[in-house]
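Visitor: Generate coordinates for the sequence data below:
(one chain, ligands or ions: 1)
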Amino acid sequence: MKKKKNLINDCNLPDPIFEALKIDYYEKAEQESFCSTTELLMPPKRFWGLKKIYKMHYHENYALPASSQVFSQQGHMVHSFFESALGDNKDYIVEKRLYHPFKIGNKEYIISGMFDLYHIVREILFDYKNMSISKYNRGVGLSKFYGNAQGFDKYEEQLNIYAYMMEKSGYPVSEIRLLICLRDWDTMAKKQQPSLPDSPYTEVTIRKWTEEELITFISSKIEEKIAYEGYLVNDIPECPSEERWERLLAYKVFKCDSNGNPIGSALPGSSKLETEEAAQEFIDKRKDVIKARSVIPDITNTQLGYTIVKATSNPLMCMDYCTLSTLNKCNYWRNRKLEEAGL
Ligand code: SF4
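Guide: Residues are numbered from 1 along each chain as shown. Predicted coordinates:
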């Protein structure tokens, strides 16, 4: 009899999907570890918050939102597909969990990581990623909105940790490749964007790091976590904007009240400034500002009735993907919603 997770159907999943999601495929770790590679890449607030939630889930049967399991389950389906198709193929190793200790000061921190697929003869580490065409285009530089290639930084970090652990465990890695499935690829998309791959599947080679780069990176990630060990999650600073998936859109200049609060809409010509310096230059060039500064050189923007506002996109991770926000366990997100509602 398979073990079942305690889940709440928070996103109206059809019954068979909800029932299937409850099945717990988690296998007891062969070894205790500080964290997994995926966890290591999280910012401290989400890292410690999720650790607490999963501890309550496994020890006190605390219910998790089903929405938090949907994407990991899709990953599990793909891994099952590789296991059944390539599990007996002597050229490949499918899914293997590895453990490696990293020393910080006098203490060892064991990190675990499970790679997807390894070609033994060609020494290639493969990792399967399901992504949208727009994410792929941004990554490889095909996006007309983003221009240059943004790369796949998070994947590069994750896979280089796996590659390092593999080499330390006797599996040499000559190359690292993403096996990409474009979930919204169809013939119509290909006709509209001829530069897309000829099928939903494609590969991208990821840069392999030096050992020094890797050790420096992993040490900084572990140190960043242990700096907040034992803290209440509410006392850990919010995740940085890039981890909240919140993009800077522009700097804008507004008229403001005596407390610096913006009034009305952005001043004409100031709504798409790319840097804070450009916004300051916009203020500095105004006739009333030049006149006032000729009398009082160090008069502030606020005293002059101007303020610079940083416009960002919505923090998609907080809004739609973070289990802490779904469970109302993140004070940053709670407060931000209250502020936005003017409460
Ligand atoms: S809700 Fe946002 S800030 Fe809070 S832990 Fe999640 S990602 Fe971080």
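Visitor: which element is I283 on?
Guide: Per DSSP states H and E, I283 falls inside helix 276-284.
Visitor: buried set for that helix?
Guide: Residues of helix 276-284 classed as buried by neighbour count (16 or more other C-beta atoms under 10 Å): 279-280, 282-283. C-beta here means a position set from N, CA and C on the backbone, and glycine is covered the same way.
Visitor: For the helix or strand that that helix is followed by, what is the distance to the chain centroid?
Guide: Per DSSP H and E, the first helix or strand lying C-terminal to helix 276-284 is helix 287-295. Centroid separation between helix 287-295 and its chain, computed with C-alpha atoms, centre = their mean, to the nearest Å, is 45 Å.
Visitor: just checking, what packs against helix 287-295?
Guide: Judged by 3 or more C-beta pairs under 8 Å, 6 or more residues apart in numbering; DSSP states H and E, helix 287-295 is in contact with helix 276-284, helix 301-304.
Visitor: What residues of it count as buried?
Guide: Neighbour-count burial for helix 287-295, counted by 16+ other C-beta under 10 Å, picks out V289.
Visitor: what's next to that helix, contact-wise?
Guide: Contact with helix 287-295 is made by 283-284, 299, 304, 306, as judged by C-beta atoms under 8 Å, 6 or more residues apart in numbering.
Visitor: go with 7 Å
Guide: The contact list for helix 287-295 (C-beta atoms under 7 Å, 6 or more residues apart in numbering) reads 283, 299, 304.
Visitor: can you check stretch 220-235 too?
Guide: 40-41, 44-45, 47-49, 52, 102, 104, 109, 236, 329, 331.
Visitor: ok, of the residues you listed, which one's closest to the ligand?
Guide: K45 (4.5 Å; C-beta to the nearest ligand atom).
Visitor: how near is the closest one to F152?
Guide: Look at K45 and F152: by C-beta to C-beta, to the nearest Å, they are 24 Å apart.
Visitor: lowest average confidence, helix or strand, in the protein?
Guide: The weakest-scoring helix or strand in the chain, judged by mean pLDDT, DSSP states H and E, is helix 70-86 (a mean of 84).
Visitor: Up against the ligand, what does this protein have?
Guide: 45-46, 49, 238-239, 244, 317-318, 322, 324-325, 330, 332-333 (C-beta under 6 Å from any ligand atom).
Visitor: Apply 8 Å and report the result again.
Guide: 43, 45-46, 49, 233, 238-239, 243-244, 315, 317-318, 321-325, 330-333 (C-beta under 8 Å from any ligand atom).
Visitor: Using the three-state scheme, assign E108.
Guide: strand (DSSP: H, G, I helix; E, B strand; the rest coil).
Visitor: so it touches P101, yeah?
Guide: Yes - with contact defined as C-beta atoms under 7 Å, E108 counts as touching P101 (4.2 Å).
Visitor: List the contacts of the residue lying closest to I120 once chain neighbours are set aside.
Guide: Leaving aside its sequence neighbours, I120 sits nearest to D91 (C-beta to C-beta, 6 or more residues apart in numbering; 5.8 Å). Contacts of D91 were listed using C-beta under 7 Å, 6+ apart, and they are 119-121.
Visitor: tell me which of these is nearest to the ligand?
Guide: Once C-beta to the nearest ligand atom is applied, the member of those that ends up nearest the ligand is H119, at 35.4 Å.
Visitor: residues near the closest one, how many?
Guide: H119 has 17 neighbours, counted by other C-beta atoms under 10 Å.
Visitor: From S84, how far out is it?
Guide: The spacing between H119 and S84, counted by C-beta to C-beta, is 18 Å.
Visitor: Kindly report the same for N106.
Guide: Applying C-beta to C-beta, the value for N106 to S84 is 45 Å.
Visitor: same thing with S33?
Guide: 28 Å.
Visitor: repeat for K52
Guide: Relative to S84, and taking C-beta to C-beta, K52 is found at 36 Å.
Visitor: same deal with I283?
Guide: Using C-beta to C-beta, I283 is found at 63 Å from S84.
Visitor: Also P268?
Guide: 62 Å.
Visitor: of the two, who's got more company?
Guide: More crowded of P268 and S84, by other C-beta under 10 Å: S84, with 10 against 7.
Visitor: Walk me through the regions of the stretch 51-200 of the chain where pLDDT falls short of the threshold, as ranges.
Guide: Within the stretch 51-200 of the chain, the ranges that satisfy pLDDT under 70 run 142-150.
Visitor: Point me to the residue of it nearest the ligand.
Guide: Going by C-beta to the nearest ligand atom, the ligand is nearest to I53 of the stretch 51-200 of the chain, at 10.7 Å.
Visitor: Mark out where each domain of the protein begins and ends.
Guide: 7-232, 248-340 (automatic domain parsing).
Visitor: I'd guessed K4 sits against I23; true?
Guide: Yes - using C-beta under 7 Å, K4 is in contact with I23, at 6.4 Å.
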